[in-house]
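[1] Sequence first, then the predicted structure, then my questions.
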Amino acid sequence: MIILISIIVGLALFFMIGVSARSALQAVAPAHHKPTFRDMPLTASFGLAVILFYIFVAVFAPLIAPYGESEVLGAQFLPWASPHYLGTDKLGRDMLTGLIYGARNTVGIAFATTALAFFVGSFLGLWAALVGGWLDQSLSRFVDALMAIPALIFSLLLLTIFGTSVLTLILVIAAVDATRVYRLARSVAQGIVVMDYIEAARLRGEGMWRLIRREILPNAMAPLVAEFGLRFCFVFLAISALSFLGLGIKPPTADWGSMVRENATLITFGDITPLLPAGAIALLTVAVNFVVDWQLHRASGLKE
Amino acid sequence: MNEIWRMIGQRLLLGVLTLFIISVVIFGATELLPGDLARELLGQSATEETLAALREQLGLNDPAPLRYWNWLAGVLQGDFGMSMATQKPISELVGARLGNTLFLALYAAALAVPFALLLGVLAALWRNSIFDRASNALALTAISFPEFFVAYTLILWLAQSGLFPSMVRITGSTTTGEMLYMAFLPALTLTLVVTAHMMRMTRAAIINLLASPYIEMARLKGMSPMRVVLRHAVPNALAPIINVVALNLAYLITGVVVIEVVFVYPGLGQLMIDAVSNRDIAVVQAITLIFASAYVLLNLLADVLSTITNPRLMHRK
């Protein structure tokens, strides 16, 4: 019964947020972008609204949160009641505060990691496609070898060697994901480097960096942007999984993955508190996926 | 028939080559560390004697190629060396748990593959219907959920009411029936995680084919939609379906790590996490190699199967 009610409430919320976000975006958007937002599916507008909400919470975390990030306020595992609306955690820290700061820490770290993986991966991919020859061959075979090991397992191996800290976490995940970005960037760029205008630019004597930045990158942007969204989801889930396993972001830094881990015992007493940070992770990845799905659909020009 | 065997032989050789390269990567990764592995493992406060003892134990005084050769020779004979944390042979630690992990992965596969194929075929058959749209949205949602979210939701829902146990305790006297009962929740979690992707790909592969002229021909002959999909579309969509099934079974292997921790399941994943926190590098290397081999083997199998199901690939000109 409770499940049925929560499904209905969830669907109602989804439609409300989706419809209102779509009309709000349509009102705000400049005139020539209005049709884009008018035709967007409900899932996409819902996704955009959720992403904007997360960004808002992450930026203004210290203003919204009722307490300090790692302030110990009293007894552990308090129930949901004022002044701790979502109770307290294992160390007696306010759960709501943890969730709000988690938006800043978890999402921020995942974003930085994705950006790093993207910068390295797409630069190497475009470079390999442009130069070709032995550089392309050796880089690609090296990436092939790394990709034959499952991503999570390979990150675990690297974390064992380099130790677990936030910096190594970022570097390790970025390195593992850069191999995937490299593949895509290289295959996209290979279609571009054979074009006549690249030949012309080479004859003009343009340097390698300028060729990549001014000639190839603008034409490879659309698939790379969609890949950025997908990659962010993978990175975000990987970091959360590692934090959940106790190998990623560690307390006192508020983080959703480790919050699930610390409060997991509550679930055996029928308390849904540990599901809140897990749900926060799930909601953001769903939202990003919805938006990416819409973008891919738009880019492919499919009309069903 | 000969051609099949020759192809399988070629793929096997390639697989062995891949595994060799993987073993170099796994072993070589320790060489990336700037400075001394022994000091990194023991910390700054370690005395010179303990450092020397650990270097001796890990064989760090030998040059890297020699150490790699010794390690590889040991692995090929089923000897992965000693675990530093527990001082037991790794093959002993791994042996007991490998069976448990394989059991869980096979259990989940047995649930997920028929379920995903059925959903995919039905979604393709009733394209753009409510069923199709709902299952697509649900699948996209399920893909984006972290495994532990699914796992804890299921625990809250199914274990709270006492239907299934939320922890897996395996002793010597546990029967297969009890195993199936106890491992149901972890297997169900894995199923939900991988079904979505398989279902979406099955649907896409079939829908791609539905636009071809021979399908239109079959329709014009007055065949029922079910027969068109099952007899005409599915056989030609087998290759991509087999590939995505294998890819997801390979994904099961990594997904198993998180889920084993949630359900306290005594498998390889849990062993690996313990080894990573203890920085027990030899154990982590051994398990990485096992997981990677399973991954390579599954991909190999998919490659062979999808070639066999497609006559055009079998008789290439």
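    Structure's in. What do you need?
[2] from here on, contacts and neighbour counts on C-alpha atoms
    OK.
[3] Next, the buried residues of stretch B:128-143.
    For stretch B:128-143, the neighbour count (16 or more other Cα atoms under 10 Å in any protein chain shown) marks B:132, B:135-136, B:139-143 as buried.
[4] Would you mark the buried spots in the lowest-mean-pLDDT helix or strand in chain A?
    In chain A, the helix or strand scored least confidently by mean pLDDT, DSSP states H and E is helix A:34-38, which has a mean of 74. Buried residues in helix A:34-38, defined by neighbour count with 16+ other Cα under 10 Å: A:Phe37.
[5] neighbouring contacts of it?
    A:22-23, A:25-27 (Cα atoms under 8 Å, 6 or more residues apart in numbering or on different chains).
[6] The same query, at a cut-off of 6 Å, please.
    A:Gln26 (Cα atoms under 6 Å, 6 or more residues apart in numbering or on different chains).
[7] coming back round to it: relative to chain A, which of the buried residues of stretch B:128-143 is nearest.
    Of all the buried residues of stretch B:128-143, B:Thr141 has the smallest distance to chain A: 5.5 Å, by Cα to the nearest Cα.
[8] what's near enough to touch the closest one?
    Going by Cα under 6 Å, 6+ apart, B:Thr141 touches A:Val286.
[9] Quickly find the element holding it.
    Using DSSP states H and E, B:Thr141 maps to helix B:130-144.
[10] Quick one: mean pLDDT over that helix.
    Averaged across helix B:130-144, pLDDT comes to 83.
[11] same thing with stretch A:293-304?
    Rounded mean pLDDT across stretch A:293-304 is 67.
[12] Same question for stretch B:263-274.
    88.
[13] Quick check: buried residues in it?
    B:263, B:265-274.
[14] any idea which of those residues is the one closest to B:Ala29?
    B:Met272 (16.7 Å; Cα to Cα).
[15] Spit out the contact partners of the closest one.
    B:Val284.
[16] could you point out which element follows the helix or strand that contains it?
    For B:Met272, the host element (DSSP H and E) is helix B:268-278. Per DSSP H and E, the first helix or strand lying C-terminal to helix B:268-278 is helix B:281-309.
[17] Which elements pack onto that next one?
    Applying 3 or more Cα pairs under 6 Å, 6 or more residues apart in numbering or on different chains; DSSP states H and E, we find helix B:281-309 packed against helix B:234-262.
[18] what about the helix it packs on, distance to the chain center?
    Computed by Cα atoms, centre = their mean, to the nearest Å, the chain-centroid distance of helix B:234-262 equals 7 Å.
[19] now it against helix B:281-309, angle please.
    Calculated by axes from the mean of the first three to the mean of the last three Cα atoms, to 10 degrees, helix B:234-262 forms an angle of 170 degrees with helix B:281-309.
[20] Which strands and helices lie in contact with helix B:234-262?
    Using 3+ Cα pairs under 6 Å, 6+ apart: helix B:234-262 touches helix B:184-210, helix B:268-278, helix B:281-309.
[21] buried ones in that helix?
    B:234, B:237-262.
[22] thinking again about what came up before, now the helix holding B:Met272, how far from the centre of its chain.
    17 Å.
[23] quick one, that helix and helix B:234-262 angle?
    If you take the same axes, to 10 degrees, helix B:268-278 sits at 50 degrees to helix B:234-262.
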